[in-house]
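In: Take this sequence and fold it.
(4 chains)
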2 protein chains.
Amino acid sequence: MKKNSFPETIIDALSIDCLIFGFKKNELDILLVQHGEGISKGKWALPGGWIRYNESTDDAAGRLLSDLTGVSNIYLEQLRSFGTVDRYPDKRVITIAYYALVKPENYTLLPGFTAADAQWFKISEVPELPYDHRTILDAGLSYLKHKVRHEPIGFNLLPKKFTLLQLQELYEAILDQKLDKPNFRRKLMKMNLLEPLKEKQTAVSHRAAGLYRFDKKIYDKLTEKGFTFEL
Amino acid sequence: MKKNSFPETIIDALSIDCLIFGFKKNELDILLVQHGEGISKGKWALPGGWIRYNESTDDAAGRLLSDLTGVSNIYLEQLRSFGTVDRYPDKRVITIAYYALVKPENYTLLPGFTAADAQWFKISEVPELPYDHRTILDAGLSYLKHKVRHEPIGFNLLPKKFTLLQLQELYEAILDQKLDKPNFRRKLMKMNLLEPLKEKQTAVSHRAAGLYRFDKKIYDKLTEKGFTFEL
DNA sequence: TACCTTGTAGTCAAATTTACTATAAGTTCG
DNA sequence: CGAACTTATAGTAAATTTGACTACAAGGTA
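Out: Residues are numbered from 1 along each chain as shown, chains lettered A, B, ... in the order given. All right, here's what the predicted structure looks like:
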């Protein structure tokens, strides 16, 4: 194919916007950046950018994400594109939205970003967003809510080792409903999806819970045999 | 916003491709068109086209669909975009894939199309497709398989009035598995989603089955009350 | 040691699923 | 006409899953 001679050249009718979700203190968070210029100056918005001629859209989203967090092995998937005529002022831009799930280990932003540039917000405290970013966020939230029940992606929001209660509280936050502890526990355990570690919680002022790990290899093996994750 | 002075101008780095599904004779079908020019000349491919500056991507997909079928009230939704660097030869083009579900009533193609231009293919008999169209088709099929179990969209592939067996056979074709007749029937009926008509099948060489209709208003009302379709 | 808090096991009725059997209502063929 | 056939529709019963609980264990704190 004809390669563009300036690989940094971008496709100007098409952008990427990222929904970067995190989970801490039993709250779902989202990472926003502050715009330095343009009519949305000073407003918090979804981090985004442009696609270069020599990178796939997936790569472009990955690059933007790693520019913010410095990490590249983060769960990242396309949501869908948003293409109404008037979504962006001044010129026609269609955007492809991606969503990412970030573990607490990767919560720190790349040095160079200050709290004035990029910041985690609780979902319930997201400020007014420019363009159609609120629409994109709502679409992402509702997709997350659905997806988390049919695929084991929630683990990407927890540390590598976690307790069953942490997992339950994650689900309660995303699905926005209380769950019964013994029943939740039993359901998960019956799936044979979680690998129980020989470790326990430390530094807690109550009986320490056992730690578990999610192993994608186990999940893939079960899936081959016809297992489907449902919660 | 700055309007483009030539509304027919298209965005040249971005295209639309449509997965148009149909269902007949217990087989899932897809509509393909034959390319008249370019390196894919003579090959059957997904119908597609370009997005104009003054239309949303949804509208562009609707326009392409109605150009083929002459009908505009067809179930149509975005799948997702495909944006690898090399997916299209000669220049960088990212495509947004849409999928549509077509009722038998709308199976006839618009006059002007001959069998040489556009044609329904059984899913199991789709020829080799150009570019990444096979990837797009597979993504659409797997999404359809998932979606049909969680939302009542299958009805868009059946005539307005249908029997329970027709519905069951539709599900069997999409999910690729046999289902138990009495159990399938009971499950559907318990949802109170299907409106039984006072009519029966005609011109069948066996006991005529009752006809049913899917009413989106009923579904919306149930959904408000917390009902979720699951099969 | 008493008393919190959270972890983990177990119980049991209700609801749902699964795998069937049975019967009804038409058609077709001899 | 009636036996054979096909599909429709109703029903049944065991097995499994869900939902709402109770009970007890294992720490830590005062």
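
In: Chain A: strands as residue ranges?
Out: A:10-24, A:27-34, A:44-45, A:48-52, A:75-82, A:94-102, A:118-122, A:161-162, A:194-200, A:210-214 (DSSP state E).

In: anything in the longest one near chain B?
Out: Yes: applying CB under 8 Å from any CB of the partner chain, one finds strand A:10-24 in contact with chain B at A:11, A:13-14. (Glycine included, C-beta is placed from N, CA and C.)

In: of all those residues, which comes closest to B:V126?
Out: Ranked by distance to B:V126 (CB to CB), the residues of strand A:10-24 next to chain B are led by A:L14 at 29.0 Å.

In: can you pull the contacts of that closest one?
Out: Neighbour list for A:L14: A:50-51, A:93-96, B:11, B:13-14, B:94 [criterion: CB atoms under 8 Å, 6 or more residues apart in numbering or on different chains].

In: ok, now how distant is it from B:C18?
Out: To B:C18, A:L14 is 19 Å away according to CB to CB, to the nearest Å.

In: Poorly predicted segments of chain A, please.
Out: Low-confidence segments of chain A, defined by pLDDT under 70: A:1-8, A:37-40, A:114-116.

In: swap the cut-off to 50 and go again
Out: A:1-5 (pLDDT under 50).

In: Would you map out the domains in chain A?
Out: Per automatic domain parsing, the structural domains of chain A span A:10-150, A:161-224.

In: Span of the shortest one from start to end?
Out: So the one you mean is domain A:161-224. Domain A:161-224 has an end-to-end distance of 25 Å (CA to CA, to the nearest Å).

In: for the longest one, same thing?
Out: Using CA to CA, the span of domain A:10-150 from its first residue to its last is 36 Å.

In: Now find how far off-centre it is within its chain.
Out: Taking the mean of its C-alpha atoms, domain A:10-150 sits 9 Å from the chain's own mean (CA atoms, centre = their mean, to the nearest Å).

In: what's in contact with stretch A:24-32?
Out: The contact list for stretch A:24-32 (CB under 8 Å, 6+ apart) reads A:18-23, A:44-47, A:68, A:102, A:104, A:107, A:109, A:118-124, A:126-127, A:129, A:137, A:169, A:172-174.

In: List buried members of those residues by neighbour count.
Out: Those of these that meet the buried threshold are A:18-23, A:44-47, A:68, A:102, A:109, A:118-121, A:123, A:129, A:137, A:169, A:173-174, by 16 or more other CB atoms under 10 Å in any protein chain shown.

In: List the beta-bridge partners for A:I10.
Out: A:R52 (DSSP bridges).

In: Contacts only, for it.
Out: Residues near A:I10 by CB under 8 Å, 6+ apart: A:50-53.

In: OK, contacts around A:L129?
Out: Taking CB under 8 Å, 6+ apart, we find A:L129 in contact with A:32, A:43-46, A:137.

In: Within range of DNA strand D, give me the residues from chain A.
Out: Within reach of DNA strand D by CB under 7 Å from any atom of the strand, chain A has these residues: A:180-183, A:187, A:200, A:204-208.

In: now these in CSV, with neighbour count and distance to DNA strand C?
Out: Shown next, in CSV, are these (neighbours: other CB atoms under 10 Å in any protein chain shown; distance: CB to the nearest atom of the strand, whole Å):
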residue, neighbour count, distance to DNA strand C
A:D180, 10, 8
A:K181, 11, 5
A:P182, 7, 3
A:N183, 10, 7
A:K187, 13, 11
A:K200, 12, 7
A:V204, 10, 7
A:S205, 5, 7
A:H206, 6, 4
A:R207, 7, 4
A:A208, 13, 7
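
In: sorry, back to before: what's the closest of the contacts of A:L14 to DNA strand D?
Out: A:I96 (35.5 Å; CB to the nearest atom of the strand).

In: wait, doesn't that closest one sit right on A:G83?
Out: No: look at A:I96 against A:G83 with CB atoms under 8 Å: they stay out of range, at 9.3 Å.

In: Scan chain A for its longest helix.
Out: The longest helix of chain A (DSSP state H) is helix A:133-150.

In: just checking, what packs against that one?
Out: Other helices and strands packing on helix A:133-150, by 3 or more CB pairs under 8 Å, 6 or more residues apart in numbering or on different chains; DSSP states H and E, are strand A:10-24, strand A:75-82, strand A:94-102, helix A:164-175, helix B:133-150.

In: Tell me which of these sits most buried.
Out: strand A:94-102 (a mean of 24; mean count of other CB atoms under 10 Å in any protein chain shown).

In: What residues does chain A have near chain B?
Out: Residues of chain A lying close to chain B by CB under 8 Å from any CB are A:1-2, A:4, A:11, A:13-14, A:51, A:53-58, A:78-81, A:83-86, A:88-92, A:94, A:96, A:146, A:150.

In: Might you enumerate the residues of chain A proximal to DNA strand C?
Out: A:163-165, A:181-183, A:185, A:206-210.

In: Now do the contacts for the residue lying closest to A:T202 once chain neighbours are set aside.
Out: Closest residue to A:T202 apart from its sequence neighbours, by CB to CB, 6 or more residues apart in numbering or on different chains: A:A208 at 6.7 Å. The neighbourhood of A:A208, defined by CB under 8 Å, 6+ apart, consists of A:200-202.

In: Take the residues you listed and lay them out in CSV including distance to B:L28.
Out: Below are the contacts of A:A208 laid out as CSV (distance: CB to CB, whole Å):
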residue, distance to B:L28
A:K200, 51
A:Q201, 50
A:T202, 55
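
In: Over to the residue nearest to A:T202: give its phi and psi.
Out: Per-residue torsions, A:A208: phi -80, psi 140 (degrees, to the nearest 10).

In: do A:D215 as well
Out: Phi and psi for A:D215, reported as degrees, to the nearest 10, are phi -120, psi 110.

In: what's the neighbour count on it?
Out: Neighbours of A:D215 under the rule other CB atoms under 10 Å in any protein chain shown: 13.

In: what's the spacing between A:F23 and chain B?
Out: Using CB to the nearest CB, to the nearest Å, we find A:F23 at a distance of 24 Å from chain B.

In: Show me the beta-bridge partners of that residue.
Out: In this entry, A:F23 is beta-bridged to A:L28, by DSSP bridges.

In: Tell me if I'm right that it and A:E172 touch.
Out: No: A:F23 is beyond contact range of A:E172, at 11.1 Å (criterion: CB under 8 Å).

In: give me every residue that touches A:Y171.
Out: A:Y171 is in contact with A:148, A:154, A:179, A:184, A:231, counting by CB under 8 Å, 6+ apart.

In: Lovely, talk soon.
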